[in-house]
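In: sequence below, structure please.
(one chain, ligands or ions: 1)
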Amino acid sequence: MAKFPDEKRVSLLRRRGLACLLALAFWPSVSASAAPVDLRLAKEKFQQLCAVCHGPSGRGDGPAAAALNPKPRNYSDKAFASRITDAAMFEIIKRGGAAVQKSPAMPAWGEALSEDEVRSLVAYIRTLMPPREK
Ligand code: HEC
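Out: Residues are numbered from 1 along each chain as shown. Below is the predicted model of the structure:
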């Protein structure tokens, strides 16, 4: 008499088990995708690592900038903000100025910072820029 319900339960369990397996199989790819940007941490990093050249508010006027030629750009400049893409910023932060045919004075941060941190820095730099021109 119990045969029928039991079979049902078993197949239900089997189906659940399969769903769990599938979830586990896909979990790593889901969790490996981009973490949300962390603007607070990026601001800290920018002050720690970048402001010496880029200036505390990204105007290219950090204490070390006086000795640089070319100098870092002024992020409050609307034309520059509209011209540079997030992808270009990501590249130069990760690989350094020399790797993208710009000033070798801009260090590569790909070893010191994770890609999520670089992405967060790009988002933070955007907050220092005026809105893009259409
Ligand atoms: C030792 C000085 C120095 C430090 C430290 C430095 N940069 Fe730069 N960075 C430069 C210079 C110089 C340029 C300009 C390169 C050019 O235009 O040829 C530059 C260029 C850039 C650019 C391209 C746009 C621009 O400003 O011209 C980005 C984005 C950037 N830096 C981000 C960062 C970030 C983020 C950090 C910290 C993690 C950082 N930089 C640290 C010197 C520095």
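
In: going forward, measure contacts and count neighbours with C-alpha atoms only.
Out: OK.

In: can you list the residues of the chain near the ligand?
Out: 46, 49-50, 52-53, 68, 70-73, 89, 92-93, 97, 102-103, 105-107, 121 (CA under 6 Å from any ligand atom).

In: swap the cut-off to 5 Å and go again
Out: Taking CA under 5 Å from any ligand atom as the criterion, the chain approaches the ligand at residues Leu49, Cys50, Cys53, Lys71, Pro72, Arg73, Met89, Lys102, Ser103, Ala105, Met106.

In: of those residues, which is the most crowded?
Out: Counting neighbours by other CA atoms under 10 Å, Cys53 comes out on top of the residues of the chain next to the ligand with 22 neighbours.

In: and the nearest residue to it once chain neighbours are set aside, what does it touch?
Out: Leaving aside its sequence neighbours, Cys53 sits nearest to Gly62 (CA to CA, 6 or more residues apart in numbering; 4.3 Å). By CA atoms under 8 Å, 6 or more residues apart in numbering, the residues touching Gly62 are Ala51, Val52, Cys53, His54, Gly55, Pro56.

In: neighbour-wise, which one of the residues you listed leads?
Out: Top of the contacts of Gly62 by neighbour count (other CA under 10 Å): His54, with 24 neighbours.

In: got a pLDDT number for the most centrally placed residue in the chain?
Out: For the chain, the residue nearest the mean C-alpha position is Arg119 (1.3 Å; CA atoms, centre = their mean). On the pLDDT scale, Arg119 is placed at 98.

In: my guess is it meets Leu39, correct?
Out: No - counting by CA atoms under 8 Å, Leu39 is not a contact partner of Arg119; they are 9.8 Å apart.

In: just to revisit the earlier point, among the residues of the chain next to the ligand, name the ones in helices.
Out: Cys53, Met89 (DSSP state H).

In: got the residues of the chain next to the ligand as JSON lines, with pLDDT columns?
Out: What follows is those, written out as JSON lines (pLDDT from 0 to 100):
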{"residue": "Leu49", "pLDDT": "98"}
{"residue": "Cys50", "pLDDT": "98"}
{"residue": "Cys53", "pLDDT": "98"}
{"residue": "Lys71", "pLDDT": "97"}
{"residue": "Pro72", "pLDDT": "98"}
{"residue": "Arg73", "pLDDT": "97"}
{"residue": "Met89", "pLDDT": "98"}
{"residue": "Lys102", "pLDDT": "98"}
{"residue": "Ser103", "pLDDT": "98"}
{"residue": "Ala105", "pLDDT": "98"}
{"residue": "Met106", "pLDDT": "98"}
